[in-house]
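K.L.:
Here is the input, now give the coordinates:
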Amino acid sequence: MLRRRTTALFLVAILGPACGGGTPTSPDATTQGADASTPDRVTADDTDGDEWPNAVDNCPNVPNPEQRDRDSDGVGDACDSCPATPNGGKDGQPAQEACQVEQEAEPNDTPGQAQSLSMRPSGSVLSVRGAIEAAPTGTRSVDRFQIMVAGGTFASIRVARASMDSLLEPELEVSGGGYTAPRLAAGLFEAERELFFGAAGVYTITVRDRRGPDGAPPPGSSYAYELSLAVQDAAPETLTLPLMKRRITLRGPGKVQIYGVDLPMAPRTRVELGSALDDFGGPGTGLDPIAVLIAESGEVLGENDDLAAGRRDARVIAAIAAAGRVKVVVDHRQNIGEGTLELELTIDQPPDNAELEPNNTPALATPLVFVGQTHGVIDAPVGGLADVDVFQFTATAGTVASFRALVDQNSQVDPHLVVARLVGGTLVPLYSNGDSSGISSRTDAILPEAGPYYLVVTDQRNVPMAPVRGGPLFPYTVFSERVGIEPVSELTTTGTLTGTIFPGGKVVRHIVSASVGPMLLELHPDPPANPELIPQIRVYRPGATALISEGQDDVVAILPLAGTYPVGVHNANEGKGALDLSYVLRGTLTQLGEATDEEPNDTGVGQATPPLPVSLAGALGEGDVDRYAVVLPAAGFADVLVSGLAPGQTWTLSADTLMFGSGAATQRNLVVQGGTATLRVEGAAGRYAIALRYRP
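P.N.:
Residues are numbered from 1 along each chain as shown. Take a look at the predicted model:
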């Protein structure tokens, strides 16, 4: 019966009186005046006579026939002391009598005019009622309030439409005090979020319409709001070290997590939040995290909301002067969207080290803490030459590493990183990052060989014809860690591999799965839309334990056995990255026959090979020559596809007195005649692999 009555009211609200100007069909339609009750409707079960039984009436003593409850606190608007502020006295809400009401005091639209408010104690709520007034053309209408808050205060703040006819789409911002980044919230009808004030101070609350100047209220319209502030009790969740990328889920948009962690004294403690770093459309979209580390004394040890320019991750690195419990606050600048919001939380204390000057050559290289942190300074120039810092570390075959140069807030350095190997006394760059972020830089590296490697740190702005920079104001910290292959896609047959080189020297990883061996893998990049991107492609053995092939165009790799082969792609243009630096690799997998080097084969026609296509694998001795007999079915074309030919080794493909082709790299579309041809490999000692393909 009650459900039918509710439905009838709903239809009347939408449709109005019956067609033809007849009287309303709902019994309540005639009771929409100031007093909806009449003496003949008042009963023991319906005290206010609004036809809602007392047991289900959200205002049993005041007529509220539509049962409106804008703040969803269980108390109807007609009898709610704060109708736009949840204060129903249940589920942790303050009670009706615990809502203190204040009125907005105009003018309060400039920082100097901000209206002062006093926070109420826990269990009560402050409700401020105001309206956004019209502003001059092209400017944004705002109301400002100031609150003085004690350190360690946990509170909620809410702005909602204060009446049914309000047109406000509320947006709030909290800034100042101990915050280094503003906290925001916005919504269609209400904006709400939690706040943890780690440091005592004066904070500013700004209320406005989220539509900006174009949506500024015109004169005479109603943009009424109710701003509510409520102090809450915070019960931190206890965590224990170490935590490495622990998956946490925020309780919902606008929520804040507080953790308590017992930390020993240490020169460096890392708190890091990750949120869909490379997946801008996946989990975490719309979440801009803030990490805050607070000492037991209440001192804010650090706050960070942007690990690097354009990156939504957050990291705080701070010294722990004395062992004790600290608070780790997982906050956010602005939560948008609905549903679960996931983050990865890391809290640890990596080992610490510092550079030893001079360290500007490989012979003087400072040991790099790997995994861990090493501190350095780009010193003042000597004789007009810029300082270069060289660090040495040792890696095992298959290591995937990440190096980040973190810059303190007051540092002037703009770091540039290069990962290199020492070849013949010269550093040969493997990976570099030339992103000029001014905050930090990052270089990923896949290290397929065991042995020593070098990390070179310079200042990005120390370029020819520019003033040389350096000195005590140019400190940095190198954070080094091992990461996984973490492929973004897989190729199992002919198809494509796609990716985006994001900022920070990112190496995008794919995998190619060979079902049998040997197989020939060919990768050809489509011309990138952005000329800033030069895809550098590297193919590795399973586990990234050896480099098979590399290049920037027409990369060919012979996959000798069935297995999973990593493919790394980064930007050969100084490691630059951006959201529009995307690539497409068109890949093909072709099964091969196989011939191996069987000595002696350095004279005569050479060893016979299986039917084409075929892969040839061998090893040259000192001054050796390997010959293979190749039977070409008829005149046509041949491709000699080189993968892993050692430096100093060359090949030739010939028949009788005809030379079809020669070189040390892949050649395609060689014109050949039918019959027996000779493929000859010679040069420096070392293993090699070549594939030969015939096409009519």
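
K.L.:
Pull up the pairing partners for the longest strand belonging to the chain, direction included.
P.N.:
Of all the segments of type strand in the chain, defined by DSSP state E, the longest one is strand 324-335. When pairing is defined by DSSP bridges, strand 324-335 lines up against strand 257-263 (antiparallel), strand 287-294 (antiparallel).

K.L.:
Beyond the shortest one, next helix or strand please.
P.N.:
Spelled out, it's strand 257-263. Sequence-wise, the next helix or strand downstream of strand 257-263 (DSSP states H and E) is strand 266-274.

K.L.:
Point out where this protein drops to low pLDDT.
P.N.:
Where the chain drops to pLDDT under 70, the residues are 1-40, 87-88, 136-138, 213-221, 275-287, 307-312, 335-340, 435-440, 623.

K.L.:
Domains in it, by residue range?
P.N.:
As assigned by automatic domain parsing, the chain contains the domains 96-232, 237-348, 362-482, 490-591, 593-695.

K.L.:
quick one on the thing from earlier: export the strands paired with strand 324-335 to CSV and tack on distance to Ile132 and mean neighbour count?
P.N.:
Using the backbone N, CA and C atoms, a C-beta is placed for each residue, glycine as well. Shown next, in CSV, are the strands paired with strand 324-335 (distance: least, CB to CB, whole Å; neighbours: other CB atoms under 10 Å):
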stretch, distance to Ile132, mean neighbour count
strand 257-263, 32, 18
strand 287-294, 25, 24
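
K.L.:
about what we covered before: and the next helix or strand past the longest strand of the chain?
P.N.:
strand 341-348.

K.L.:
next SSE after that following strand?
P.N.:
Assigned by DSSP H and E, the successor of strand 341-348 is strand 366-367.

K.L.:
Turn the strands paired with strand 324-335 into a markdown table, columns for distance to Ala160.
P.N.:
Formatted as a markdown table, the strands paired with strand 324-335 follow (distance: least, CB to CB, whole Å):
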| stretch | distance to Ala160 |
| --- | --- |
| strand 257-263 | 24 |
| strand 287-294 | 23 |
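
K.L.:
For Ala105, which of these is the nearest?
P.N.:
Comparison of these against Ala105 by CB to CB identifies strand 287-294 as nearest, at 31.3 Å.

K.L.:
Could you give me the buried positions within the longest strand of the chain?
P.N.:
Neighbour-count burial for strand 324-335, with 16 or more other CB atoms under 10 Å as criterion, is recorded at 326-335.

K.L.:
So what's the residue count around Asn530?
P.N.:
Residues lying near Asn530 (other CB atoms under 10 Å) number 14.

K.L.:
meant to ask about Ala450, not that
P.N.:
The local packing of Ala450 (other CB under 10 Å) involves 12 other residues.

K.L.:
Contacts only, for the spatially closest residue to it that is not a sequence neighbour.
P.N.:
Spatial nearest neighbour of Ala450, excluding adjacent residues (CB to CB, 6 or more residues apart in numbering): Ala397 at 4.5 Å. For Ala397, the contact set (CB atoms under 8 Å, 6 or more residues apart in numbering) comprises 447-450, 543-546.

K.L.:
Quick one: which of these is the most crowded by neighbours?
P.N.:
For the contacts of Ala397, neighbours tallied by other CB under 10 Å; top is Leu447, 24 neighbours.

K.L.:
Do I have it right that it meets Thr394?
P.N.:
No - if you go by CB atoms under 8 Å, Leu447 and Thr394 don't touch, sitting 9.8 Å apart.

K.L.:
For Ser513, name its beta-bridge partners.
P.N.:
According to DSSP bridges, the partner residues bridging Ser513 are Thr564.

K.L.:
can you offset everything so residue one is 51?
P.N.:
Understood, numbering begins at 51; the last thing we discussed is Ser563.

K.L.:
buried ones in stretch 232-250?
P.N.:
Those would be 233-237, 240-249, for stretch 232-250 by 16+ other CB under 10 Å.

K.L.:
nope, stretch 92-112 is what I meant
P.N.:
So for stretch 92-112, counting by 16+ other CB under 10 Å, buried means 96-102, 107-110, 112.

K.L.:
As JSON lines, those residues with distance to Glu353 and secondary structure would be great.
P.N.:
Compiled in JSON lines, the buried residues of stretch 92-112 are given as follows (distance: CB to CB, whole Å; DSSP: H, G, I helix; E, B strand; the rest coil):
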{"residue": "Asp96", "distance to Glu353": "55", "secondary structure": "strand"}
{"residue": "Thr97", "distance to Glu353": "53", "secondary structure": "coil"}
{"residue": "Asp98", "distance to Glu353": "52", "secondary structure": "coil"}
{"residue": "Gly99", "distance to Glu353": "56", "secondary structure": "coil"}
{"residue": "Asp100", "distance to Glu353": "52", "secondary structure": "coil"}
{"residue": "Glu101", "distance to Glu353": "55", "secondary structure": "coil"}
{"residue": "Trp102", "distance to Glu353": "50", "secondary structure": "coil"}
{"residue": "Asp107", "distance to Glu353": "48", "secondary structure": "coil"}
{"residue": "Asn108", "distance to Glu353": "42", "secondary structure": "coil"}
{"residue": "Cys109", "distance to Glu353": "45", "secondary structure": "coil"}
{"residue": "Pro110", "distance to Glu353": "48", "secondary structure": "coil"}
{"residue": "Val112", "distance to Glu353": "47", "secondary structure": "coil"}
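
K.L.:
from those residues, which single one is nearest Gln657?
P.N.:
Nearest to Gln657 among these: Asn108, at 92.4 Å, using CB to CB.

K.L.:
Next, the contact list for Gly237, please.
P.N.:
Residues in contact with Gly237 (CB under 8 Å, 6+ apart) are 219-221, 260.

K.L.:
swap that for Asn512, sorry
P.N.:
428, 436, 518-520.

K.L.:
Next, Glu147: secondary structure please.
P.N.:
Of the three states, Glu147 takes helix according to DSSP: H, G, I helix; E, B strand; the rest coil.

K.L.:
Specify the beta-bridge partners of Gly713.
P.N.:
Residues in a beta bridge with Gly713, per DSSP bridges, are Trp701.

K.L.:
What count of nearby residues applies to it?
P.N.:
13.

K.L.:
right, and it touches Trp701 too?
P.N.:
Yes - with contact defined as CB under 8 Å, Gly713 reaches Trp701; the gap is 6.8 Å.

K.L.:
intersection of neighbour lists for those two?
P.N.:
Val690.

K.L.:
How is the residue nearest to Ala500 classified with respect to secondary structure?
P.N.:
Under three-state DSSP, the three-state class of Ala447 is coil.

K.L.:
can you map out the strands along the stretch 151-300 of the chain?
P.N.:
Secondary structure of the stretch 151-300 of the chain (DSSP state E, counting those that start in this stretch): strands located at 165-167, 175-181, 192-199, 203-211, 220-226, 233-236, 240-247, 251-259, 274-282, 287-289, 293-300.

K.L.:
Which of those sits closest to Gln153?
P.N.:
Among these, strand 175-181 comes nearest to Gln153, with 5.7 Å by CB to CB.

K.L.:
and Tyr738, what helix or strand is that in?
P.N.:
Using DSSP H and E, Tyr738 sits in strand 736-745.

K.L.:
Give the buried residues for that strand.
P.N.:
738-744.
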